[in-house]
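In: predicted coordinates and the sequence they were generated for:
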Amino acid sequence: MIWDDAATHDDIVSGGPLHLVVNKPVKLVIGAKDVIHSVGLPHFRLKMDAVPGTPTTLWFTPIKTTKEMIKETGRENFVFEIACDQMCGAGHTGMRGEIIVETQEEYDQWMATQKAQYQTAVVEKQAPAAPAAGAAKDSSAKKPADSAAVAAKPDSATTK
Ligand SMILES: [Cu+2]
């Protein structure tokens, strides 16, 4: 994340499945930190290398929700899979993830439960240390940092 770019301030980092909206184009910007991997999306018949130092991109539009695929395939445990498609090392077989394709309404409900990474990584770390135990949970202790984050948002909107 490049925190100097205010456009990142509402970005989320999810450790769980990748959530996508049906019939809405998505662009993946792909990188790697160690060796060459490959983002494989078998149900979408796509793959793209993940290369250290050279971002790659991949775009597609999911046209069926996960629920529709469960109905269509008759497989209750159907999931859209992301798997590493390049033999990359000892951990290769564990490089697997899932995609949930859902309606805009379902996506919005999920997104409402997510927290911007900027909030966790920057704003909360800059919040003044609580003077005593118990005071740390006092919401007033976080107010200066929260106000700064809110104040920064209009600036980001005007720079676009
Ligand atoms: Cu791999």
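Out: Good, I have the coordinates.
In: helices of the protein, start to end?
Out: 66-73, 104-111, 117-118, 124-126, 143-159 (DSSP state H).
In: quick one, phi psi at the residue nearest to I70 when sequence neighbours are not counted?
Out: Excluding the flanking residues, the one nearest I70 by Cβ to Cβ, 6 or more residues apart in numbering is F78, at 4.8 Å. Every residue, glycine included, has its C-beta placed from N, CA and C. Here is the backbone geometry of F78 (degrees, to the nearest 10): phi -60, psi 140.
In: how many other residues sit next to F78?
Out: Neighbours of F78 under the rule other Cβ atoms under 10 Å: 16.
In: let's have the chain start at 125 instead
Out: Will do, 125 is the new start, and the previous item becomes F202.
In: ok, it - contacts?
Out: With contacts defined as Cβ atoms under 8 Å, 6 or more residues apart in numbering, F202 is in contact with 190, 193-194.
In: ok, and the most crowded of those residues?
Out: T190 (21 neighbours).
In: any low-confidence regions in the protein?
Out: Along the chain, segments meeting pLDDT under 70 span 253-284.
In: fine, thanks again, bye for now.
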